[in-house]
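*Asks:* coords please:
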Amino acid sequence: MLYRLNNAGYQAHLVGGGVRDLLLGLEPKDFDVATDASPEQVRSVFRNCRLIGRRFRLAHVHFGHEIIEVATFRGMQEDASPSDMDATNGMLMRDNTYGTIEEDALRRDFTVNALYYNVADFSVIDYTGGLADLENGVLRLLGDPATRYREDPVRMLRAVRFAAKLGFRIDPACEAPLLDLGFLLRSVPAARLFEEILKLFMSGTAVQAFEKLRHYNLFAELFPETDDCLAHEEQQFPITFVVRGLHNTDLRVREGKPVTPAFLFAVLLWEPVRRLFEQLVASGVHYSIAMQQSGGEVIARQIAQSSIPRRFSMPMREIWQLQHRFEQRGGKRVKRLMAHPRFRAAYDFLVLRAEAGEADAALAQWWTDIQEAQPEIQNQLINKESAATGRRRRRRRRSKPISPGEA
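*Replies:* Okay, the predicted model is just below:
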């Protein structure tokens with residue numbers, strides 16, 4: 001692609017996280033290209049190209065299942081019109097001013113993301129001191145930090161994510177506004193925040209990201225009800241459960257195993273769901289209805305912060321609703337539960353609850369044993385539990401008092 005743009009008479013360089021990760025010895029997740037060609041000119045070079053975006057026009061060039069994002073060099077846009085800015089918070093709404101590579105470098109967010117790889121001579125172009133910051137392990141914003149955060153509040157989340165992923169420290173000048181400007185995230189579209197949450201917690205460094213988000217009071221802007229629960233801990237359970245769940249996600253990512261947003265959000269929202277469930281049950285609501293109602297209410301309030309597509313919210317609710325069925329270990333119910341499409345996710349959720357001290361560890365172990373056992377042993381365990389359950393349910397009959405006349 002780079003050679004093809006060069007042959008067409010345009011500048012073209014790899015830029016951003018791909019260059020940064022290569023220099024750090026990490027495997028890049030994807031590659032972005034920056035060029036002096038306009039989006040329309042890029043489309044004229046590549047027939048397999050689609051233009052997207054309103055705030056800033058981008059070209060997506062398709063190669064099979066791969067998509068290479070091509071961006072035209074951006075200008076400084078010092079004369080932005082009022083229609084380009086959100087009057088309430090200074091958020092930049094449109095940014096379609098094109099410029100030179102030097103201007104483009106200064107318009108990027110962090111210095112370590114403003115490095116360009118020149119395929120013509122295999123050199124790295126650095127206009128911002130990004131190479132030095134890479135060497136020193138520093139995340140530094142270009143320009144005034146507060147202004148850059150107001151232009152795009154998501155940059156605060158990106159600062160946390162890069163610091164967690166790379167193990168870098170955030171430059172003090174860029175760190176200070178994080179504690180005061182978290183409210184700006186409320187103006188970010190819920191769908192965009194959902195995508196940023198996935199990047200924060202499904203990249204293999206979820207625990208570190210969680211700790212940093214709480215440190216900078218940003219977690220409360222993403223999950224206000226969960227944050228309120230964490231502030232009123234019960235014997236350390238809520239925070240232990242969340243951290244264990246995020247650690248489990250990190251392990252799966254590092255081992256190349258699949259992870260799903262449904263399980264992630266089920267973990268992050270469980271504590272407010274559990275507390276509302278217990279309140280409803282205490283008021284006399286049947287436990288199955290209480291779980292349905294508490295899950296529905298918490299999700300409805302959460303989507304005001306970050307959208308949760310239905311393809312994830314429905315499995316979340318199933319994971320929660322299956323928890324009480326693990327307590328029913330007799331008869332055919334066991335086999336029916338094990339055949340449920342969400343059984344494995346719900347079982348993993350039960351194990352996390354047990355590890356955090358919220359669920360019975362013996363219950364989780366029983367379900368572990370039943371899965372690992374041969375069919376004959378499974379039937380023995382189920383029959384044994386059925387008999388024990390029957391004995392527990394059998395009420396002891398009280399002796400009839402003997403009257404004096406019968407003595």
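
*Asks:* pretty sure T72 is touching V33, no?
*Replies:* No: judged on C-beta atoms under 8 Å, T72 makes no contact with V33 at a distance of 10.1 Å. Quick note: C-beta positions are derived from backbone N, CA and C, even for glycine.

*Asks:* Which residues are in contact with each of these two?
*Replies:* Shared contacts of T72 and V33, defined by C-beta atoms under 8 Å, 6 or more residues apart in numbering, are absent.

*Asks:* now Q292: how far from I52?
*Replies:* Going from Q292 to I52 by C-beta to C-beta, to the nearest Å gives 39 Å.

*Asks:* higher neighbour count, these two?
*Replies:* More neighbours surround Q292 than the other of Q292 and I52, with 17 against 11 (other C-beta atoms under 10 Å).

*Asks:* Going by secondary structure, that one is in what exactly?
*Replies:* Assigned by DSSP states H and E, Q292 belongs to helix 287-302.

*Asks:* what helices or strands is that helix leaning on?
*Replies:* The helices and strands touching helix 287-302, judged by 3 or more C-beta pairs under 8 Å, 6 or more residues apart in numbering; DSSP states H and E, are helix 224-230, helix 261-282, helix 310-321.

*Asks:* Find the least confident helix or strand in the chain, judged by mean pLDDT.
*Replies:* In the chain, the helix or strand scored least confidently by mean pLDDT, DSSP states H and E is helix 375-393, which has a mean of 71.

*Asks:* ok so, going back, which of the helices and strands packed on helix 287-302 sits most buried?
*Replies:* By mean neighbour count, with neighbours taken as mean count of other C-beta atoms under 10 Å, helix 261-282 ranks first of those at a mean of 21.

*Asks:* by contact count, what packs against that helix?
*Replies:* helix 190-201, helix 224-230, helix 237-254, helix 287-302, helix 310-321, helix 343-355.

*Asks:* Pull out the buried residues from the fourth one.
*Replies:* For helix 287-302, the buried set under the neighbour-count rule, 16 or more other C-beta atoms under 10 Å, comprises A290, M291, Q292, S294, G295, V298, I299, Q302.

*Asks:* Turn those into JSON lines, columns for pLDDT.
*Replies:* Formatted as JSON lines, the buried residues of helix 287-302 follow (pLDDT from 0 to 100):
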{"residue": "A290", "pLDDT": "96"}
{"residue": "M291", "pLDDT": "96"}
{"residue": "Q292", "pLDDT": "96"}
{"residue": "S294", "pLDDT": "97"}
{"residue": "G295", "pLDDT": "97"}
{"residue": "V298", "pLDDT": "98"}
{"residue": "I299", "pLDDT": "97"}
{"residue": "Q302", "pLDDT": "97"}
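
*Asks:* Redo those as TSV? Include distance to I67.
*Replies:* TSV is the format used below for those (distance: C-beta to C-beta, whole Å):
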residue	distance to I67
A290	45
M291	40
Q292	39
S294	40
G295	35
V298	35
I299	31
Q302	30
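
*Asks:* In CSV: the helices and strands packed on helix 261-282, plus distance to Q208.
*Replies:* Rendered in CSV, the data for those read as follows (distance: least, C-beta to C-beta, whole Å):
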stretch, distance to Q208
helix 190-201, 10
helix 224-230, 17
helix 237-254, 9
helix 287-302, 23
helix 310-321, 23
helix 343-355, 19
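
*Asks:* Show me the one of those helices that comes nearest R275.
*Replies:* Ranking the helices and strands packed on helix 261-282 by proximity to R275 (C-beta to C-beta) places helix 224-230 first, at 6.5 Å.

*Asks:* From the chain's centroid, how far away is that closest one?
*Replies:* Relative to the centre of its chain, helix 224-230 is centred 16 Å away, using C-alpha atoms, centre = their mean, to the nearest Å.

*Asks:* packing partners for that helix?
*Replies:* Judged by 3+ C-beta pairs under 8 Å, 6+ apart, helix 224-230 is in contact with helix 219-222, helix 237-254, helix 261-282, helix 287-302.

*Asks:* Quick check: buried residues in the second one?
*Replies:* Just to be clear, that refers to helix 237-254. Those would be 237-246, 248-250, 252-253, for helix 237-254 by 16+ other C-beta under 10 Å.

*Asks:* now what about it, what contacts it?
*Replies:* For helix 237-254, the external contacting residues (C-beta under 8 Å, 6+ apart) are 201-207, 210, 226, 229-230, 233, 258-259, 263-264, 267-268, 270-271, 348, 352-353, 355-358.

*Asks:* Can you list the low-confidence ranges for the protein?
*Replies:* 77-96, 233-236, 386-407 (pLDDT under 70).

*Asks:* circling back to that earlier point, contacting residues around the helix holding Q292?
*Replies:* When contacts are defined by C-beta under 8 Å, 6+ apart, helix 287-302 is touched by residues 223, 225, 265, 269, 272-274, 276-277, 280-281, 285, 308, 313, 316-317, 320-321, 323-324.

*Asks:* CA atoms only for stretch 41-54, dumped as CSV, please.
*Replies:* What follows is the C-alpha trace of stretch 41-54 in CSV, where atoms were taken according to Å, rounded to 0.1, in the frame of the first residue of the first chain:
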residue,chain,number,x,y,z
GLN,A,41,-7.4,10.7,-4.0
VAL,A,42,-6.8,7.6,-1.9
ARG,A,43,-10.1,6.2,-3.2
SER,A,44,-8.9,6.9,-6.8
VAL,A,45,-5.8,4.8,-6.1
PHE,A,46,-7.6,1.9,-4.4
ARG,A,47,-10.8,0.6,-5.8
ASN,A,48,-11.3,-1.5,-2.6
CYS,A,49,-11.6,1.7,-0.6
ARG,A,50,-14.5,3.2,1.4
LEU,A,51,-14.6,6.7,2.9
ILE,A,52,-16.0,7.1,6.4
GLY,A,53,-16.3,9.7,9.2
ARG,A,54,-17.9,13.1,9.6
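
*Asks:* Could I get the buried residue list for it?
*Replies:* Buried, per 16+ other C-beta under 10 Å, within stretch 41-54: Q41, V42, R43, V45, F46, C49.

*Asks:* Just give the nearest non-adjacent residue to the fourth one, would you?
*Replies:* If I follow you right, that is V45. Residue nearest to V45 in three dimensions, not counting chain neighbours: A8, with 5.1 Å by C-beta to C-beta, 6 or more residues apart in numbering.

*Asks:* Repeat that for the third one.
*Replies:* In this structure, R43 finds its nearest non-sequential neighbour in C49, 4.5 Å apart by C-beta to C-beta, 6+ apart.
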